[in-house]
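A.B. asks: I'll drop the sequence and a predicted model, then ask my questions.
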Amino acid sequence: MSPTGQRLAPLEMLAKLVSLDTESSKSNLPLIEFVEGYLQSWNVPYVRLPNASGDKASIYATIGPQDRGGVVLSGHTDVVPVKGQAWTSDPFTLRVENGRAYGRGAVDMKGFDALTLALIPEFLAADLKTPIHIMLSYDEETTCLGVVDGIRRMGRDLPMPKAAIVGEPTMMEVVDAHKSVVTFSTTVHGFEAHSSKPYLGASAVMTAAELIAELNRIADEMMERGDTSGRFDPPYTTVHVGTVSGGTARNILSKSCNFHWEFRGLPSLDPQEIPNRLDKFVQEVALKRLNRFGDFGRIETQLEVAVPGLAPEPGSAAEVLALRLAGKNHTQTVPFGTEAGHYQAAGIPTVVCGPGSIDQAHQPDEYITLEQLEAGAAFMRRLAATCASS
């Protein structure tokens, strides 16, 4: 007997997902438990992939044959906070008005998630020969690491997919490349002394300023090096210092200074180049200056987040498939990071393609248009037809 689970239209599914508050600082388990119940009602096999502390989880489901790899539709379940934003309605109650569906995560990216789930009855009815996998992850908005444990199991106890489509909002354009996002925290430890006698100590703030100036020089060089592909905006790797904190008074050599910094690298950039260059400056210049009057200080840099870039793979299985399903004849790039680079690093051909515009993400009154939701549904129905035929 065929399974007869609960049928939810995409908007109904989106309303349910939006109603479950999955801000990244909170557990996403209520949403995962809802999805598990929904999958069980359709007899769709799945695997829960919890984090180390057990308060969050990804879920990986397969529709169609269980003995082979297919196409992964990958989305994240976490959303950014609403605190301090001026919403005109409850952000966790979907509001449909003037051809738009408003709610936190509506476009980034519960709209895509809702489509993958709502269309499961159609995927089942299609009698797929190539399976469709659904991966719903956590912590994309903070570390982008929530998907990694599941990807590591692909090719081991989970089938190795033939292709991955990450459904971040691209207005259904097929994206084959984006920059990496790598963030660091650097702390300079000095030694306090009266500012009238600087030889009695070491200023952490003054040394941090030298390090920031070096990052500025690296940033200028990256801008001059540019983007040989001519596809990115801005057309170069960016280097940025976002926060600086240190010192206690004007007339005290500062004991400590910390700054947070990042680079967003072109896919062609060696991810070790910029941190290695800063470390070289630390060893050859900054530490010697910090400790010129004695063994007073040290400098520590910690990697915080490393989201790999997505490099173009012309003619890959993911690109060919997504272009055909989207009715496009060329690929694009985006300026934001996604989970796609993790799939690619595991040897899985990957593109980014999903409904809605990133311009509406992270804002108060975030929304996705009904037109884009329908375009996403049409894309997935064409995917089902393709997977049913081969």
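C.D. replies: Great, that's in hand.

A.B. asks: can you give me how far stretch 290-305 is from the chain middle?
C.D. replies: 31 Å (Cα atoms, centre = their mean, to the nearest Å).

A.B. asks: then stretch 81-94?
C.D. replies: Per Cα atoms, centre = their mean, the centroid offset for stretch 81-94 relative to its chain is 22 Å.

A.B. asks: all helices for the chain, in order.
C.D. replies: 10-19, 29-41, 110-118, 120-125, 148-153, 204-225, 273-281, 287-290, 317-326, 340-345, 370-389 (DSSP state H).

A.B. asks: can I get the CA coordinates of the longest one in CSV?
C.D. replies: Once non-C-alpha atoms are left out, helix 204-225 reads as follows in CSV (Å, rounded to 0.1, in the frame of the first residue of the first chain):
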residue,chain,number,x,y,z
ALA,A,204,49.8,45.7,22.9
VAL,A,205,47.8,48.5,21.2
MET,A,206,50.8,49.9,19.3
THR,A,207,51.7,46.4,18.1
ALA,A,208,48.2,45.6,17.1
ALA,A,209,48.1,48.8,15.1
GLU,A,210,51.2,47.5,13.2
LEU,A,211,49.5,44.2,12.5
ILE,A,212,46.4,46.0,11.2
ALA,A,213,48.5,48.2,9.0
GLU,A,214,50.1,45.0,7.6
LEU,A,215,46.7,43.6,6.9
ASN,A,216,45.8,46.9,5.2
ARG,A,217,48.9,46.5,3.0
ILE,A,218,47.9,42.9,2.1
ALA,A,219,44.4,44.1,1.3
ASP,A,220,45.8,46.7,-1.1
GLU,A,221,47.9,44.1,-2.8
MET,A,222,44.9,41.8,-3.2
MET,A,223,43.0,44.6,-4.8
GLU,A,224,45.8,45.2,-7.2
ARG,A,225,46.1,41.5,-8.0
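
A.B. asks: run the angle between it and helix 273-281 for me.
C.D. replies: With axes from the mean of the first three to the mean of the last three Cα atoms, to 10 degrees defining the directions, helix 204-225 sits at 140 degrees from helix 273-281.

A.B. asks: got the buried residues for helix 204-225?
C.D. replies: 204-212, 214-215, 218-219, 222 (16 or more other Cβ atoms under 10 Å). Any C-beta I mention is one placed from the backbone N, CA and C, and that applies to glycine too.

A.B. asks: between those residues, which sits nearest residue 349?
C.D. replies: Lowest distance from residue 349 to the buried residues of helix 204-225 (Cβ to Cβ) belongs to residue 222, with 28.4 Å.

A.B. asks: and that closest one, how far is that from residue 105?
C.D. replies: Note on residue 222: its distance to residue 105, by Cβ to Cβ, to the nearest Å, is 33 Å.
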